[in-house]
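Enquirer: here is my input; please provide its structure:
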Amino acid sequence: MTFTHIGEQWLDEWMDKNALVCWTEHDEPWLLEHELLQQHSLPLNIQDNRHHLFCATVSGLRQEAKRLARDMPIANEGNQRRQI
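Expert: Got it, this is the predicted structure:
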């Protein structure tokens, strides 16, 4: 599933204001990811994070959002306006 162009703009703006991103080079990044998931509360990470208190809730919400999106008509970007 993908967002419309306007949806992508909204998500970009939200991430710009709310998301903290960093990266590092690592020969085995999956090991580092596992370690980070064990040491920090990262509730939006579902894969390899089943132990997190909110994992089932986030997973359920994600599945419901996908179901709802599939039931909606395909967006016509020509008739969308960006709302501020």
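
Enquirer: tell me what the helix or strand encompassing W14 is packed against?
Expert: Under DSSP states H and E, the secondary-structure element containing W14 is helix 5-18. Using 3 or more Cβ pairs under 8 Å, 6 or more residues apart in numbering; DSSP states H and E as the contact criterion, no secondary-structure element is in contact with helix 5-18. Quick note: C-beta positions are derived from backbone N, CA and C, even for glycine.

Enquirer: next helix or strand past that helix?
Expert: On the C-terminal side of helix 5-18, the nearest following helix or strand under DSSP H and E is helix 29-39.

Enquirer: name the residues that touch the longest helix along the chain?
Expert: Once the chain is assigned using DSSP state H, the helix that runs over the most residues is helix 55-71. Around helix 55-71, the neighbours that count as contacts under Cβ atoms under 8 Å, 6 or more residues apart in numbering are 1, 43-44, 46, 49.

Enquirer: chain center to the helix holding W14: distance?
Expert: On the basis of Cα atoms, centre = their mean, to the nearest Å, helix 5-18 is displaced by 12 Å from the centre of the chain it belongs to.

Enquirer: what count of nearby residues applies to the closest residue to L53 other than its chain neighbours?
Expert: With sequence-adjacent residues excluded and distances taken as Cβ to Cβ, 6 or more residues apart in numbering, L53 is closest to P43, at 7.6 Å. Taking other Cβ atoms under 10 Å as the criterion, the count of residues near P43 is 12.

Enquirer: just W30 next, same as before
Expert: Neighbour count of W30, defined by other Cβ under 10 Å: 9.
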